[in-house]
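K.L.:
I'd like to go over a predicted model; first the sequence, then the structure.
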Amino acid sequence: MTWEQIREAHPNQWVVFEALAAHDEDGRWCVDLMQPVGAFDDFSKVWERYQLFHQLDRSRDYGFYHTSNEELEIGIIDAFGRIQS
């Protein structure tokens with residue numbers, strides 16, 4: 001799915017997704033194709049789900065974002081916890 005499709009399917013919710021096709025561009029993680037794995041109203045629930053999936057399989061790329069955002073803009077965090085610019 002695209003971000004636009006996820007926004008339509010899960011309006012005004014936090015969504016945890018697996019990135020199926022993504023690339024880095026100008027310090028941003030650009031996700032071209034994704035599969036939602038959970039949608040929640042409460043941020044604490046989305047954070048729990050994200051951590052669970054991340055711990056189960058670190059070889060996969062998971063993310064989360066709120067569908068009130070028209071564009072999916074996620075900064076890349078370096079090894080020191082700083083967002084790249």
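P.N.:
Structure received. Only a predicted model underlies this, so the values are computations on that prediction, with no experimental measurement involved. Numbers count the residues shown, from 1 in each chain.
K.L.:
please make it C-alpha for all contacts and neighbour counts, starting now.
P.N.:
Noted.
K.L.:
low-confidence stretches in the chain?
P.N.:
For the chain, applying pLDDT under 70 flags the ranges 78-85.
K.L.:
ok, the closest residue in space to His66 that isn't next to it in sequence - how many residues close by?
P.N.:
Nearest residue to His66, sequence neighbours excluded (C-alpha to C-alpha, 6 or more residues apart in numbering): Trp14, at 4.3 Å. Trp14: 23 surrounding residues under other C-alpha atoms under 10 Å.
K.L.:
Trp14: what's it in contact with?
P.N.:
Contact analysis of Trp14 by C-alpha atoms under 8 Å, 6 or more residues apart in numbering lists Ala39, Phe40, Asp41, Asp42, Phe43, Val46, Phe64, Tyr65, His66, Thr67.
K.L.:
make it 7 Å
P.N.:
The contact partners of Trp14, taken as C-alpha atoms under 7 Å, 6 or more residues apart in numbering, are Ala39, Phe40, Asp41, Phe43, Val46, Phe64, Tyr65, His66, Thr67.
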